[in-house]
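Asker: My questions are about this predicted structure, shown below with the sequence.
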Amino acid sequence: MYSDQHLRVSDAEREAVCARLAEHFAAGRLDQAEFDDRVGRAMSAKTRADLRGLFADLPETGAPAVPELPRGGGGTPGDGPRGPGSPIEFRLDAASGVPTYLQLVHQVEHALRLGYLTLGDQLPKVRDVVASLAINPNTVLKAYKELETKGLTAGRPGQGTFIQATLGQVALPELAGLRKSLLGWLGTADAAGLDQDGIVALFTSALRDFYKRRGGTAERRGAAGGGTEDVA
Amino acid sequence: MTMNIIETSGLGKRYGSTWALRECTLAIPAGHVAALVGPNGAGKTTLLNLAVGLADPSAGGVTVLGDKPAGSPAALDGIAFVAQDTPLYKNLSAADMLHLTRNLNRRFDQRYAESRLGELGIPLNRKAGKLSGGQQAQLALTLALGRRPRLLVLDEPVAMLDPVARHDFMATVLTAAADDGVSVLLSSHVLAELERVADYLILLSLGRVQVAGEVDGLLACHRLLTGPAAEADRYTERPVVHARRGQAQAHLLVRAGADDPVPPGWETHPVDLEELVMAYLREPGAAALPGPARGRALPPETGEPSEVTR
């Protein structure tokens, strides 16, 4: 009873202590410096005795062992319910040479492939994109229209634009097989003396020829300009 | 049917014996953010002053907002103008500037103006001259937008601003375009930013209109061809706007679409707006004006703002 002070503390205990400190910090009872200092002491604590005193001047909180994460912070994409607004934020690459509206289209497609966007998710509102990127509203409308034409999104009057289809994904085992055969080809190309740029150039030009012969299949599948990503 | 926000025909302005602007015929449809570019002394400010009614034409005419004569009371009510260097009364506070603007205009949205200044963190009691450059520009812009114009005219609005202030200023302008459908005409030297901002381009050179049209349409009917310098002179399929050549290699900026034939051995690339403007600025003799033969390679929906914005 009186002798638990020399017991070694576990990581779980340290974290629980930090969570309680965070609560005091959030309530304004600790300033940033005090909070940092006490968290540092808690994380380096070896015995119960080291933890003693961290709360001596603070009222009891009864904090849960695990602090609640702030909304919108952390979490993997596609994980749990989402708040209002859009899960994605656009950015522009002025040096890419890709027209602004296409950059927006590509970013939505990319977010769909990576799971940042799923069925029913909302795209950023036009005026919000305009305000954050300082771009022409017609550019955003053009991008959204293009996504709608591709069947990926649908506009709901008065509400916004929402994802209504995902990109045709190739099943994982098939993807692994394709990757394996591509790696084999890369080995052959490397052995033949092609460097990385040469391989990319050859691949790009072969890809272009392939789809030219097939008559724009890449466009139909909504993978325009992103064809390489399906294989990589 | 869209009206023309500005229409000029044979418009000219002479100062003494010098024509600052001549034979200017233009029709800018509503719903665009139009950029007016050109070298110093090309007549940009003259054209803007004529459009807002601060100067009278020496030749031709100009109407705004459909068919209203520039400078008429009906025209003035619907147009807001921010002149070069965003002039303000430096000794008046922001609140005084609001008071003044409200009383000098038939219409002024005080609530909008005050809430915008609040969002921007511009103190109402601070003298205009004591505000930062970015804040002064935003104050002038707020006074202009508070009048709830249908056309906003800006003369070199961002020339003096740092990158962040420039971004925030343009974001305010474009948000007004998105929210309220305000048409915008702005003159600018900052070519790199035009492509994001403008969807209509007017290029003035030596007092004349050299290029005018929707940006998408202009980009779609220009290509950059790269090939052997020795063959550059033999390319006659389409008009060459500007040629740059080295000993072996030449770049031709031509008026051609993506589907136009390319000579064997030549590469073809799309052009961006900056390249296109630079090419025309270097060739004051070349012109690309809207006319019956003007190609529209892109689908027609590109220009019009749809209901979604409203």
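Answerer: It's in. Residues are numbered from 1 along each chain as shown, chains lettered A, B, ... in the order given.

Asker: Nearest residue to B:His189 in space, please, no chain neighbours.
Answerer: Nearest residue to B:His189, sequence neighbours excluded (CB to CB, 6 or more residues apart in numbering or on different chains): B:Ala159, at 6.3 Å. C-betas here are computed from N, CA, C, even on glycine.

Asker: Identify the residues contacting the one you found.
Answerer: B:84-85, B:188-190 (CB atoms under 8 Å, 6 or more residues apart in numbering or on different chains).

Asker: 10 Å instead, please
Answerer: Going by CB atoms under 10 Å, 6 or more residues apart in numbering or on different chains, B:Ala159 touches B:84-86, B:137, B:166, B:187-190.

Asker: Which ones among these lie within helices?
Answerer: Members of the contacts of B:Ala159 lying in helices (criterion: DSSP state H): B:137, B:166.

Asker: taking the contacts of B:Ala159 one by one, which sit in strands?
Answerer: B:Ser187 (DSSP state E).

Asker: Mind listing what's buried along the lowest-mean-pLDDT helix or strand in chain B?
Answerer: None of the helices or strands of chain B scores lower by mean pLDDT, DSSP states H and E than helix B:191-197, at a mean of 84. Within helix B:191-197, the residues scored as buried using 16 or more other CB atoms under 10 Å in any protein chain shown are B:191, B:193-197.

Asker: Check stretch B:249-268 too.
Answerer: Buried, per 16+ other CB under 10 Å, within stretch B:249-268: B:250-256, B:262, B:266, B:268.

Asker: what does stretch B:87-105 give?
Answerer: Within stretch B:87-105, the residues that count as buried by 16+ other CB under 10 Å are B:88, B:93-94, B:97-98, B:101-102.

Asker: and it, how far out from the chain's middle?
Answerer: Computed by CA atoms, centre = their mean, to the nearest Å, the separation of stretch B:87-105 from the middle of its chain amounts to 27 Å.

Asker: contact partners of that stretch?
Answerer: For stretch B:87-105, contacts defined as CB under 10 Å, 6+ apart pick out B:76-77, B:80, B:108-110, B:113-114, B:117, B:122-131, B:135-137, B:139-140, B:142-144, B:146-148.

Asker: Quick check: end-to-end length of it?
Answerer: Distance between the boundary residues of stretch B:87-105 (CA to CA, to the nearest Å) amounts to 17 Å.

Asker: now do stretch A:139-159
Answerer: Note: stretch A:139-159 ends 19 Å apart using CA to CA.

Asker: List the buried residues of that stretch.
Answerer: A:139-147, A:150, A:152-153, A:155.

Asker: That stretch vs chain B: in contact?
Answerer: Yes - contact between stretch A:139-159 and chain B, assessed by CB under 10 Å from any CB of the partner chain, occurs at A:139-142, A:144-146, A:149, A:155, A:157-158.

Asker: picking up where we left off before, quick check, nearest of the buried residues of helix B:191-197 to chain A?
Answerer: Each of the buried residues of helix B:191-197 was scored against chain A by CB to the nearest CB, and B:Arg196 proved nearest at 4.5 Å.

Asker: tell me the phi and psi of B:Ala42?
Answerer: B:Ala42 has phi and psi values of phi -80, psi -20 when expressed as degrees, to the nearest 10.

Asker: can you check B:Gln210 too?
Answerer: According to degrees, to the nearest 10, B:Gln210 has phi -100, psi -40.

Asker: does it really touch B:Glu283, like I thought?
Answerer: Yes - taking CB atoms under 10 Å as the definition, B:Gln210 is a contact partner of B:Glu283 at 8.8 Å.

Asker: So which of these two has more stuff around it?
Answerer: More crowded of B:Gln210 and B:Glu283, by other CB atoms under 10 Å in any protein chain shown: B:Gln210, with 22 against 16.

Asker: before we move on, back to that, now, the buried residues of stretch A:139-159 that are in strands?
Answerer: Those of the buried residues of stretch A:139-159 lying in strands (DSSP E): A:153, A:155.

Asker: Make JSON lines from the buried residues of stretch A:139-159 and add pLDDT and distance to A:Arg38 to it.
Answerer: Formatted as JSON lines, these follow (pLDDT from 0 to 100; distance: CB to CB, whole Å):
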{"residue": "A:Thr139", "pLDDT": "93", "distance to A:Arg38": "50"}
{"residue": "A:Val140", "pLDDT": "95", "distance to A:Arg38": "47"}
{"residue": "A:Leu141", "pLDDT": "94", "distance to A:Arg38": "52"}
{"residue": "A:Lys142", "pLDDT": "94", "distance to A:Arg38": "53"}
{"residue": "A:Ala143", "pLDDT": "96", "distance to A:Arg38": "49"}
{"residue": "A:Tyr144", "pLDDT": "96", "distance to A:Arg38": "49"}
{"residue": "A:Lys145", "pLDDT": "95", "distance to A:Arg38": "54"}
{"residue": "A:Glu146", "pLDDT": "95", "distance to A:Arg38": "53"}
{"residue": "A:Leu147", "pLDDT": "95", "distance to A:Arg38": "49"}
{"residue": "A:Lys150", "pLDDT": "92", "distance to A:Arg38": "53"}
{"residue": "A:Leu152", "pLDDT": "93", "distance to A:Arg38": "49"}
{"residue": "A:Thr153", "pLDDT": "93", "distance to A:Arg38": "48"}
{"residue": "A:Gly155", "pLDDT": "90", "distance to A:Arg38": "51"}
